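Student: I would like to see how this sequence folds:
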Amino acid sequence: MLKGTKIYSIFTGSCPKCHQESMYQTKNPYVLSDVLKINDHCSHCETRYRLEPSFFYGSMYVSYGVGIAFAVAAFIISYVMLETSLLTAFLSIVGTLVILGPIIMRLSRNIWINLFMSYDKSLVKK
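Tutor: As a prediction, this is how the structure comes out:
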């Protein structure tokens, strides 16, 4: 349904050009030794994922914003909706960021690469 959109590539971690395969060597982000291991290129469309050395350093800025969004969501859920204490809200923020850390790292990398690449329909075999 969303295939062919940046949202699809961002949330699935698929190739930003063809959406045919995962950019990551291991699909599970909780395999911590492989969380940031990315393939060199897409085996389907030959798109290189590392446009230059240190390309993904820019994703650190995106990661900060994504982390803040998750922290604000955890605060609103715990403090405002569940009416817990500030200490409990703080602990829920820390827990959220620790538990979702690998997902935040991958999500920020996906957002970063999708800022520079777009889906190309001509690469998809029918």
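
Student: low-confidence ranges in this protein?
Tutor: By pLDDT under 70, the low-scoring segments of the chain are 1, 125-126.

Student: chain center to the host helix or strand of residue 98: distance?
Tutor: Using DSSP states H and E, residue 98 maps to helix 86-99. Centroid separation for helix 86-99 versus its chain: 21 Å, with C-alpha atoms, centre = their mean, to the nearest Å.

Student: Pretty sure residue 78 sits against residue 87.
Tutor: No: Residue 78 lies out of contact with residue 87 (C-beta atoms under 8 Å); the separation is 10.3 Å. Where you see a C-beta, it was placed from the backbone N, CA and C, and this is true even at glycine.

Student: who has more neighbours, those two?
Tutor: Using other C-beta atoms under 10 Å as the criterion, residue 78 and residue 87 rank with residue 78 on top: 21 against 8.

Student: ok, now which ones touch the more buried one?
Tutor: 84, 88-89, 92-93 (C-beta atoms under 8 Å, 6 or more residues apart in numbering).

Student: Relative to residue 42, which of those residues is nearest.
Tutor: Distance to residue 42, by C-beta to C-beta, is smallest for residue 93 among the contacts of residue 78, at 36.3 Å.

Student: Report how many residues lie close to that closest one.
Tutor: Counted with other C-beta under 10 Å, residues neighbouring residue 93 total 19.

Student: cool, and the one 4 residues further on?
Tutor: Residues within reach of residue 97, counting by other C-beta under 10 Å, total 15.

Student: The residue sitting nearest the centre point of the chain: which element?
Tutor: The C-alpha lying nearest the average C-alpha coordinate of the chain belongs to residue 107 (C-alpha atoms, centre = their mean; 0.9 Å). According to DSSP H and E, residue 107 maps onto helix 101-116.

Student: and that helix, what other elements does it pack with?
Tutor: helix 6-12, helix 59-75 (3 or more C-beta pairs under 8 Å, 6 or more residues apart in numbering; DSSP states H and E).
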